[in-house]
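> here you go, sequence then predicted model.
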Amino acid sequence: MKALYRKYRPQALSEVVGQTAITDSLAATLAKKQPLHAYLFVGPRGTGKTSVARIFAHAVNDFKYQIEDSYLDIIEIDGASNRGIDSIRELREKATIAPTQGRYKVYIVDEVHMLTKEAFNALLKILEEPPAHIIFILATTDVHKVPITITSRTQVYTFKLADEATMLNFLQTVAKTEKIKITKEALKIITRRSGGSFRDALSLLDQISTLTTAKIDEAAIIQALGLPTDQTIDILIQAYQANDLDLVTNTLKNALSSGTKAETIATELINHILKNPQKNLLPLLQKLIDVRGTFAKAKLLLALLPPPTTQTPATPTPSPAKINQPLTTTPIKHPNPPPASPASSPAKTAFTWEAFLSAVRQIDDLIYTQIINLSYDFQDGTLHLYANKVSKKILLREKSQNILRRALGDYQLAIEDASDLQSKSSAFPHISDIMGDIQEVIDDGGEIPF
């Protein structure tokens, strides 16, 4: 039985879905019978680059196109496995030979960006002075790796991923033709998971259709693909925004125990944030990108934890002021600023985190987004900001420093490493709850426990 992605591969420009501008332009070229000597098809995988190249190669020679056919005048080359200069030299030697059946000898070079520098130089020579009977169709997913000397000598067409409406309509047509019983909601999940790639979408539909003879619904798709439900993603987002660590932990535990991978949850969270971007979710987005590989579960949990908090030593001050309240699960206190000496200039305005944030936001919105979720401490007239490596690098720039000091006024500023911060609410009990028995060992200077 032929796979769906092969069965529904287009065999004419009119059958290509979602690339109307490109197919219309190529159809006009065919009508004029004036093809160019070189084309460059650029775009993500599964968008139809190779299919359109094959259709065009057949059309310029008036060959009838069938998926399994083979014409001597249409030569397909995989750039990944034929990337050396010897392969391109051989191509140049054979290119001089006239076509045997058609008017043109068409070379389709897939993944052309994989060629070596020497191979590109060899290819450039024939692109500069091509025989009249030669047409090159180069295809790539990484056009930035193709030298400008090559791209400047080709007609570039950019293939785009399909939008959700186009993909959903296409899948509904295929499902109806193949008599696959599946709900619209289930097809919407396949649409989202395909990321706009027709090949990926058809492969997923093919995979799901073999699971059962009954009607495939949303629950069956989620179970088969090991996906978190939309409700799970919504709860995790809401729990993160509310700094509800217990809800984050319990929701993750249930999702992971059902067989959903941490990387999959992270991917769905990223897609959710990209579709509904909010400023307070940008720090989470930055952390989710790193959820992969070893300890992915722990990385996911740490990404969803509220920012760490700190507390200064207790003092006999009668009414300590609270700081960092919007971002912590427990209040953090600091002493009131010391009173100014009689000989000093007029008294400073008492420091408050909210006033500082407001001042920064009025000066520069981007710096505001960098610091809003940072932990901080105010001691002896100095504001200590605890930042990760990326944020610290940004905040230490001269421009950033000037903005922060301007907002602080007479107070001092210190940018600290977040790794040095001793969190009041340890994450170990929650990691242990998900990952298993993990013990926190505090080094007191004695022997290392084994």
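Now that the structure is in, tell me what you want to look at. All figures in this text were calculated on a predicted structure; none of them were measured in a lab.

> which residues of the stretch 1-150 of the chain fall in helices?
Per DSSP state H, counting those that start in this stretch, the stretch 1-150 of the chain carries helices over the ranges 4-7, 20-32, 49-60, 85-95, 117-128, 148-151.

> mind checking how far the last one is from the chain centre?
If I follow you right, that is helix 148-151. Relative to its parent chain, helix 148-151 has a centroid offset of 28 Å by Cα atoms, centre = their mean, to the nearest Å.

> name the residues of it that are buried.
Residues I150, T151 are the ones in helix 148-151 that count as buried (16 or more other Cβ atoms under 10 Å). From N, CA and C alone the C-beta is placed, and that goes for glycine too.

> what is the mean pLDDT for the helix or strand just after that helix?
Counting by DSSP states H and E, the next helix or strand C-terminal to helix 148-151 is strand 155-158. Averaging pLDDT along strand 155-158 yields 95.

> and strand 155-158, which residues are buried?
Neighbour-count burial for strand 155-158 flags Q155, Y157 (criterion: 16+ other Cβ under 10 Å).

> ok, which of the helices of the stretch 1-150 of the chain comes nearest L161?
Nearest of those to L161, taken as Cβ to Cβ: helix 49-60 at 12.0 Å.

> buried deepest among the helices of the stretch 1-150 of the chain, which one?
Sort these by mean neighbour count, taking mean count of other Cβ atoms under 10 Å, and helix 49-60 sits at the top with a mean of 22.

> and the nearest residue to N388 once chain neighbours are set aside, what is it in contact with?
In this structure, N388 finds its nearest non-sequential neighbour in A418, 4.9 Å apart by Cβ to Cβ, 6 or more residues apart in numbering. Contacts here follow Cβ atoms under 8 Å, 6 or more residues apart in numbering; on that basis A418 touches P308, L374, S375, Y386, A387, N388, K392.

> go through those and name the one nearest T267.
T267 lies nearest to N388 out of these, by Cβ to Cβ, at 21.9 Å.

> what about the closest one, neighbour count?
Look at N388: counted by other Cβ atoms under 10 Å, it has 14 neighbours.

> so for the residue nearest to T96 when sequence neighbours are not counted, what's the pLDDT?
Leaving aside its sequence neighbours, T96 sits nearest to P131 (Cβ to Cβ, 6+ apart; 6.0 Å). In this model, P131 is scored at 90, pLDDT.

> against T173, how distant is P131?
From P131 across to T173, the span is 42 Å (Cβ to Cβ, to the nearest Å).

> tell me which stretches of the stretch 51-200 of the chain form strands.
For the stretch 51-200 of the chain, the strands defined by DSSP state E, counting those that start in this stretch cover 74-78, 105-110, 134-140, 155-158.

> measure how the third one sits relative to helix 117-128, angle-wise.
Same thing as strand 134-140. Angle of strand 134-140 versus helix 117-128, following axes from the mean of the first three to the mean of the last three Cα atoms, to 10 degrees, is 140 degrees.

> who touches strand 134-140?
Strand 134-140 is contacted from outside by 35-42, 49-50, 53, 56-57, 60, 79, 95, 104-113, 126-127, 130, 146, 150, 154, using Cβ under 8 Å, 6+ apart.

> can you give me the first-to-last residue distance of stretch 58-65?
6 Å (Cα to Cα, to the nearest Å).

> how far off centre is it?
Centre-to-centre, stretch 58-65 and its host chain are 39 Å apart (Cα atoms, centre = their mean).

> which residues does it contact?
For stretch 58-65, contacts defined as Cβ under 8 Å, 6+ apart pick out 11-13, 30, 35, 54-55, 57, 69, 71, 73-74, 99, 101-104, 106, 135.

> then stretch 73-85?
Residues from elsewhere that reach stretch 73-85, judged by Cβ under 8 Å, 6+ apart: 54, 57-58, 61, 63, 87, 91, 99-102, 104-116, 118-119, 121-122, 140.

> is it true that the residue nearest to T96 touches I97?
No - assessed by Cβ atoms under 8 Å, P131 is found out of contact with I97, at 9.1 Å.

> out of the two, which sits in the busier spot?
When neighbours are counted by other Cβ under 10 Å, P131 and I97 differ, and P131 comes out ahead with 13 against 10.

> who wins for proximity to E268 among the helices of the stretch 1-150 of the chain?
Comparison of the helices of the stretch 1-150 of the chain against E268 by Cβ to Cβ identifies helix 4-7 as nearest, at 23.8 Å.

> contacts for that closest one, please.
Contacts to helix 4-7, defined as Cβ under 8 Å, 6+ apart, come from residues I67, V174, E178, F198, R199, L202, S203, L205, D206.

> what pLDDT does the closest residue to the fourth one other than its chain neighbours get?
Taking Cβ to Cβ, 6+ apart, and ignoring the residues beside it in sequence, F198 has G46 as its nearest neighbour in space, at 5.5 Å. The model reports G46 with a pLDDT of 90.

> now Q401
Looking at Q401, its pLDDT reads 89.

> same question, L282
Here, the pLDDT recorded for L282 equals 85.

> that one in helix, strand or coil?
helix (DSSP: H, G, I helix; E, B strand; the rest coil).

> these two touch, right, it and T369?
Yes - assessed by Cβ under 8 Å, L282 is found in contact with T369 at 6.2 Å.

> run through the chain and note the low-pLDDT ranges.
For the chain, the stretches with pLDDT under 70 are 1, 306-349, 419-450.

> how does it divide into domains?
Using automatic domain parsing, the domains assigned to the chain come out as 4-158, 164-225, 230-304, 352-421.

> check which helix or strand L413 maps to.
L413 belongs to strand 412-417, assigned by DSSP H and E.

> buried by neighbour count: which residues of stretch 251-264 qualify?
Residues of stretch 251-264 classed as buried: T251, L252, A255, L256, T260, K261, A262, E263, T264 (neighbour count, 16+ other Cβ under 10 Å).

> could I get the strands of the stretch 51-200 of the chain as TSV with distance to L4?
As requested, the strands of the stretch 51-200 of the chain are exported to TSV (distance: least, Cβ to Cβ, whole Å):
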stretch	distance to L4
strand 74-78	22
strand 105-110	21
strand 134-140	22
strand 155-158	26
